[in-house]
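J.: Provided below are the primary sequence and the corresponding predicted coordinates.
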Amino acid sequence: MASGMVALDTPSFEAGLRPAPQDDGALFRTAILGPIDGTTRELRLARNGAAPASPRHTVILRCERSEPRRMLAWCALLAALLLAAQPARADEAFITSQPAETLSVVDLATRKVVATLPISGKPAGIAVSVDGARAFVTSPDGKALTILDAASRSVTHRVDLGGGPLGVAVHPSGSPAYVADWYQHRIKAVDAATGTVSGEVAVGQSPSGLAVTPDGALLISADRDSDAVSLIDTKTLTRLASIPVGARPFGVTIDAAGARAYTANVASNDVSIIDLKARKVVASVKVGARPYAVALAKGLAFVTDQYDSTVTVFDTDTLEKRATISVGDYPEGIAASRDGAFVYVACWEANTLEIIDTATLKVVETIPVADGPRAFGAFIRRTGE
Amino acid sequence: MKIQLLTAALAATSLLATLPPAAAHGPTRQKISEKIEINAPPEKVWAVVSNFQDGSWIPVVAKTEGTGGNAAGAKRTLTLKNGATVEEEVAKFEPEKMTLMYRIDKVDVAVLPVTNYSSWLIVTPADGGKKSEVEWRGAFYRGYPNNDPPPELNDEAAVNAVTGLYKAGLGELKKQIEGGS
């Protein structure tokens, strides 16, 4: 959508759309520049708050007849069409690189790394709060959770947790953050504002991936070495159930409706689909070798197959396989954009963040990031409405 | 909507029996890379390193026995000079990229203190194709799966062991190829 013609059904007008020199994304406003004189004029879509001189796109209208009033109407219509076609926000990806001991911030509009922050202790797990305000990073070797102010990229707390903190998820309200302890087989709740541990709950063996239902009521942990997931009541921090799944579940992802959870099972090479109300596995789907995590977009599940260097895509309704997409070696963390148009894959060995178009099911961009990206968790940060 | 019902008990019992012993590991995978320049064209070097059924350029190896050639899924058992064995398998064979990726299926951590090991051998042209650069990359977890490992099975021990293996192997590879043998 950054280039090409917009065809309008009239012989009098022709409209072109060309990318602006700096494609800075975010929100837009419109401005019509130049006199209404029936000749070429420009309509600019500018970033909200930014000067109209740095537009995201410039629209050129050429008028063959002198009909200023009609042209103005076409301008307004075209502006509305273009605004509808633009991504409404430029979200970011927060990518943990474990051996490099950094957190890379990738702007998803420009697809460039815009910040790299040092995080010690071999960072692996990541969670960004739903409002985009805070990021939470686990360091298994440093036995710590780092809490960051996401916008200013500054560390607000470094919380010593002991054990082996790995998986992390944050309550939809923004607090607490839940941290899975791989070695001590429990989950700790950490207050986001103060960094204090407010509670803990024992789960199965080696809890890894965590996820919270959109209503905030349930926390789910993939208890890797128990071949099960735990369902935890977030209000009381009590374990309600343990549901057997495939072998060695690692990543867990909950759908937008909060109805189903998907686990990537490393040792059985499949994905278990759990009905959260019925508290049981309702389906199992074979994927590639050593699946790591699952992302959901457009009615499809995208699964990183670490040992096959692929992403397996299947339809979440029919369970039919739709594609096997080649990506860099050791694909691990995976997450969908908020509008579901793209899926982002961190490739640990290849040192890349790869972008899959969910319409074409092809890799459309490969972004180099710091050594050993894992990005285990919900790593997309909302930056606008 | 087509949904296959899967009884959990059945899944758990049937899968547990097939779990590899190396399934458990710590949360931090290690990554290393060693490189060497060899005074020979890439094709010549690739012919040696891509021959999965002959590991004789690795100094600790006494014997290579295997099946399947170099193709993905090919297997070999290396018998080391100390009598220990290592079972390995080709993961990817990409001659157009001069890249061989393989994994260790089975090794005692007393022999090599790693688990879930995979490695890459990559040959790239140097000096306009007159010379070659060989990179040997490795990805693995330490030998001890739990927290606070003993020194002989910690991350450092794993990294040191594999680094030593790669340096010795690449050194011997250079010597064999440049020596004309």
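T.: Yes, it's here. Numbers count the residues shown, from 1 in each chain, chains lettered A, B, ... in the order given.
J.: neighbours around A:Thr156, how many?
T.: Counted with other Cβ atoms under 10 Å in any protein chain shown, the neighbours of A:Thr156 add up to 15. Where C-beta positions appear, they are placed from N, C-alpha and C, glycine not excepted.
J.: how many other residues sit next to the closest residue in space to A:Pro165 that isn't next to it in sequence?
T.: Leaving aside its sequence neighbours, A:Pro165 sits nearest to A:Thr138 (Cβ to Cβ, 6 or more residues apart in numbering or on different chains; 4.2 Å). The local packing of A:Thr138 (other Cβ under 10 Å) involves 33 other residues.
J.: and A:Thr138, that's in a strand?
T.: Yes. Applying DSSP: H, G, I helix; E, B strand; the rest coil, one finds A:Thr138 inside a strand.
J.: in the sheet, who's paired with the most centrally placed residue in chain B?
T.: With distances taken as Cα atoms, centre = their mean, the residue of chain B nearest its centroid is B:Ser119 (3.9 Å). Judged by DSSP bridges, the bridge partners of B:Ser119 are B:Tyr102, B:Gly138.
J.: List the contacts of the residue nearest to A:Pro165.
T.: Going by Cβ atoms under 8 Å, 6 or more residues apart in numbering or on different chains, A:Thr138 touches A:Pro123, A:Ala124, A:Gly125, A:Ile126, A:Ala144, A:Leu145, A:Thr146, A:Pro165, A:Leu166, A:Gly167, A:Val168, A:Val179.
J.: If we only consider those, which is nearest to A:Val281?
T.: Checking the contacts of A:Thr138 against A:Val281 with Cβ to Cβ, the nearest one is A:Gly167 at 19.9 Å.
J.: So which bits of the helix or strand containing A:Ile187 are buried?
T.: Secondary structure from DSSP states H and E places A:Ile187 in strand A:186-190. Residues of strand A:186-190 classed as buried by neighbour count (16 or more other Cβ atoms under 10 Å in any protein chain shown): A:Arg186, A:Ile187, A:Lys188, A:Ala189, A:Val190.
J.: what's next to the lengthiest helix in chain B, contact-wise?
T.: In chain B, with assignment by DSSP state H, the single longest helix is helix B:155-178. Here helix B:155-178 makes contact (Cβ under 8 Å, 6+ apart) with A:141, B:28, B:30, B:32, B:34-40, B:44-45, B:48-49, B:57-60, B:112-114, B:117, B:134, B:136, B:138, B:140-143, B:149, B:151.
J.: nearest residue to A:Glu200 other than its sequence neighbours?
T.: Here the residue nearest A:Glu200, using Cβ to Cβ, 6+ apart, is A:Lys188, at 4.6 Å.
J.: what's the burial count for the spatially closest residue to A:Asp91 that is not a sequence neighbour?
T.: Spatial nearest neighbour of A:Asp91, excluding adjacent residues (Cβ to Cβ, 6+ apart): A:Leu108 at 5.0 Å. Each residue near A:Leu108 was counted by other Cβ under 10 Å, and the total is 23.
J.: which ones are touching A:Leu108?
T.: A:Gly25, A:Ala90, A:Asp91, A:Glu92, A:Ala93, A:Ser337, A:Phe342, A:Tyr344, A:Ile380.
J.: same question, B:Lys97
T.: B:Ile122.
J.: Next: A:Ser337.
T.: Listed by Cβ under 8 Å, 6+ apart, the contact partners of A:Ser337 are A:Asp91, A:Leu108, A:Ala297, A:Val343, A:Tyr344, A:Ile380.
J.: what do you get for A:Pro331?
T.: Contacts of A:Pro331 by Cβ under 8 Å, 6+ apart are A:Tyr292, A:Thr304, A:Asp305, A:Gln306, A:Ser309, A:Thr310, A:Val311, A:Val345, A:Ala346, A:Cys347, A:Trp348, A:Glu354.
J.: do A:Ala202 as well
T.: By Cβ under 8 Å, 6+ apart, the contact set of A:Ala202 is A:His185, A:Arg186, A:Arg239.
J.: now with 7 Å?
T.: A:Ala202 is in contact with A:His185, A:Arg186, counting by Cβ atoms under 7 Å, 6 or more residues apart in numbering or on different chains.
J.: Which strand residues bridge it?
T.: Counting by DSSP bridges, A:Ala202 is bridged to A:Arg186.
J.: so which helix or strand takes in B:Ile32?
T.: Take DSSP H and E as the rule and B:Ile32 turns out to sit in strand B:30-38.
J.: Can you show me the helices along chain A?
T.: Ranges of helices within chain A are A:68-85, based on DSSP H.
J.: How about the residues of it by chain B?
T.: Contact residues (Cβ under 7 Å from any Cβ of the partner chain) of chain A with chain B: A:98-99, A:122, A:124, A:140-141, A:163-164, A:166, A:182-183, A:225, A:227, A:244, A:246-248, A:267-268, A:281-284, A:307, A:317-319, A:330, A:349, A:372.
J.: ok, which stretches of chain B are helices?
T.: Under DSSP H, chain B gives helices at B:8-16, B:42-49, B:155-178.
J.: Mind putting those helices into CSV with distance to A:Ala133?
T.: Formatted as CSV, those follow (distance: least, Cβ to Cβ, whole Å):
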stretch, distance to A:Ala133
helix B:8-16, 39
helix B:42-49, 51
helix B:155-178, 34
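J.: Switch the ones you listed over to a markdown table; also include mean neighbour count and distance to B:Thr85.
T.: Converted to a markdown table, the helices of chain B look like this (neighbours: other Cβ atoms under 10 Å in any protein chain shown; distance: least, Cβ to Cβ, whole Å):
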| stretch | mean neighbour count | distance to B:Thr85 |
| --- | --- | --- |
| helix B:8-16 | 14 | 26 |
| helix B:42-49 | 18 | 21 |
| helix B:155-178 | 17 | 15 |
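J.: thinking again about what came up before, give me the distance between the strand holding A:Ile187 and the centre of its chain.
T.: Taking Cα atoms, centre = their mean, to the nearest Å, one finds strand A:186-190 lying 23 Å from the centre of the chain it belongs to.
J.: Please report how far the spatially closest residue to A:Asp305 that is not a sequence neighbour lies from chain B.
T.: Leaving aside its chain neighbours, A:Asp305 sits nearest to A:Gly288 (2.7 Å; criterion: Cβ to Cβ, 6+ apart). Separation of A:Gly288 from chain B (Cβ to the nearest Cβ, to the nearest Å): 12 Å.
J.: Count residues in the vicinity of A:Gly288, would you?
T.: Number of residues near A:Gly288 (other Cβ under 10 Å) recorded here: 19.
J.: so what's the spatially closest residue to A:Val114 that is not a sequence neighbour up against?
T.: Spatial nearest neighbour of A:Val114, excluding adjacent residues (Cβ to Cβ, 6+ apart): A:Asp107 at 4.7 Å. Neighbouring residues of A:Asp107 by Cβ under 7 Å, 6+ apart: A:Ala90, A:Glu92, A:Val114.
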